[in-house]
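> Sequence and predicted structure, then a few things I'm wondering about:
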Amino acid sequence: MRITDRIGLLEHTDGIVPMHERGYRVEDTAYGLTIVCREPAPRDELVTLARRYLYFLAQAQAADGSFRNHLGYDRHWKDVPATADSWGRALQGLGTAVARGPVAAIRGESLARFDSGAQLRSEWPHAMAFAALGATEVLSVIPGHAGARRLLAVAVGIIGEPAGNPVWPWPEPRLSYANASIAEAVIVAGRDLGDDRVVRNGLRMLDWLLSGETRCGHLSVVPAGGWGQGESRPGFDQRPVEVAALADACARAAAVTGDTSWLTGVGLCVAWFLGDNDARTPMLNERTGGGHDSLEPSGRSRNQGAQSTLAMISVLQQGRRVTAAQAARAEAAPSA
């Protein structure tokens, strides 16, 4: 709430102070819509945020369904509509709002915006993965939605098959950012399209990624500059969005397979934010409520921008769900 004004989510902060002159991004605002709509029984203030984020996305969407990304504080767009990550993140946010929006008006408008954007395709695997995650949300409430199903099928093709090399089974030669979203998109596409082989491909990718991003019992995730085969670890600066993508993917894998061992990955993600990481530094700032932008060798950056704070909230949402599910299972278990 602190980094949202009457227009949308401000991208950057100086410490905790929003930097208005740096403007807004569709990627962040769409992520904000996703996180707010995932919150169970949101209070009125959060419903207001959801409406504001949705309105921002509506203004960013072109007539053909594509999305701009960067709005200056002067209220002028700094780029042209495209089908890059802003398009993918927007469809993820809109799809989540279709399935979980707190009021009917948000759900209806989000569906119309999703339908427009879902007619397009992107050449970029990450953009298609984000869009696929929105499509699976739509299918959870509208199982016959043809546009969402087509989008999932195309996403699988754009992302590609895992490589045959067991040392590097990732479909790309280098890990970059929010990597687990790629694996999660493959998992949900396989499930929703009824293709067990695709599900197994996604699980294989996620298992390899989780193993590679675990070091000495804690997460040591891909740094901002990416990571390739043979490069030394740990790497810095580590970004919260990578951890958030991993938590989402592990929670999804547990839900799809019924294998609760995947929830160990969610626990590692929560622990990373609480300080069980390569710098032994909490990335959650309990005093301000913000998430720090990057984990550095000597600690953490002082800035607490939109993407990092949203990633922190996202991971804590997943951790809360895991804790609630574990408590429910314990209560339901017969006494000895």
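Yes, it's here. Numbers count the residues shown, from 1 in each chain.
> need the longest helix for this structure.
Longest helix of the chain, by residue count under DSSP state H: helix 306-332.
> Identify each buried residue in that helix, please.
Neighbour-count burial for helix 306-332, counted by 16 or more other Cβ atoms under 10 Å, picks out 306-319, 321-322. For every residue, glycine as well, the C-beta is placed using N, CA and C.
> what packs against that helix?
In terms of contacts (3 or more Cβ pairs under 8 Å, 6 or more residues apart in numbering; DSSP states H and E), helix 306-332 is packed against helix 26-38, helix 240-257, helix 263-274, strand 290-291.
> okay, the ones you listed, which one's buried deepest?
Ranked by mean neighbour count, the helices and strands packed on helix 306-332 are led by helix 26-38 with a mean of 27 (mean count of other Cβ atoms under 10 Å).
> which residues touch that one?
Identification of contacts with helix 26-38 by Cβ atoms under 8 Å, 6 or more residues apart in numbering yields 4, 8-9, 11, 42, 46, 49-50, 53-54, 56-57, 60, 67-71, 85-86, 89-90, 92-94, 96-97, 99-102, 106, 306-307, 310, 313-314, 317.
> And stretch 232-239, by the same measure?
177, 215, 220-225, 227, 277-278, 293-297, 301, 307-308, 311.
> Any of the residues you listed buried? List them.
For these, buried by 16+ other Cβ under 10 Å: 177, 220-224, 227, 277-278, 293-296, 301, 307-308, 311.
> From those residues, which land in helices?
Checking the buried ones among the contacts of stretch 232-239 against DSSP H, those in helices are Q307, S308, A311.
> out of those residues, who's nearest T260?
A311 (23.6 Å; Cβ to Cβ).
> hang on, that closest one packs against D248?
No. Counting by Cβ atoms under 8 Å, A311 stays clear of D248, with 10.0 Å between them.
> how near is G23 to R2?
Using Cβ to Cβ, to the nearest Å, G23 is found at 17 Å from R2.
> Specify which residue of those two has the higher count of neighbours.
Applying other Cβ atoms under 10 Å to G23 and R2 shows that G23 carries more neighbours, namely 20 against 14.
> if I pick the more buried one, what's in contact with it?
Counting by Cβ under 8 Å, 6+ apart, G23 has contacts L10, E11, H70, L71, G72, Y73, K78.
> Does the fifth one touch R25 like I think?
No. Taking Cβ under 8 Å as the definition, G72 is not a contact partner of R25, at 10.9 Å.
> For these two, work out which one has more neighbours and name it.
For G72 versus R25, neighbours defined as other Cβ under 10 Å are more numerous around R25 (26 against 13).
> burial of the residue lying closest to the more buried one once chain neighbours are set aside, as a residue count?
Among residues not flanking R25 along the chain, E11 sits closest, at 4.9 Å (Cβ to Cβ, 6 or more residues apart in numbering). E11: 20 surrounding residues under other Cβ under 10 Å.
> Check whether E11 really touches E21, as I assumed.
No. Using Cβ under 8 Å, E11 is not in contact with E21; the gap is 10.5 Å.
> Find the residues that touch each one of those two.
What both E11 and E21 touch, as defined by Cβ under 8 Å, 6+ apart, is an empty set.
> Before I go, just wanted to say thanks for your time.
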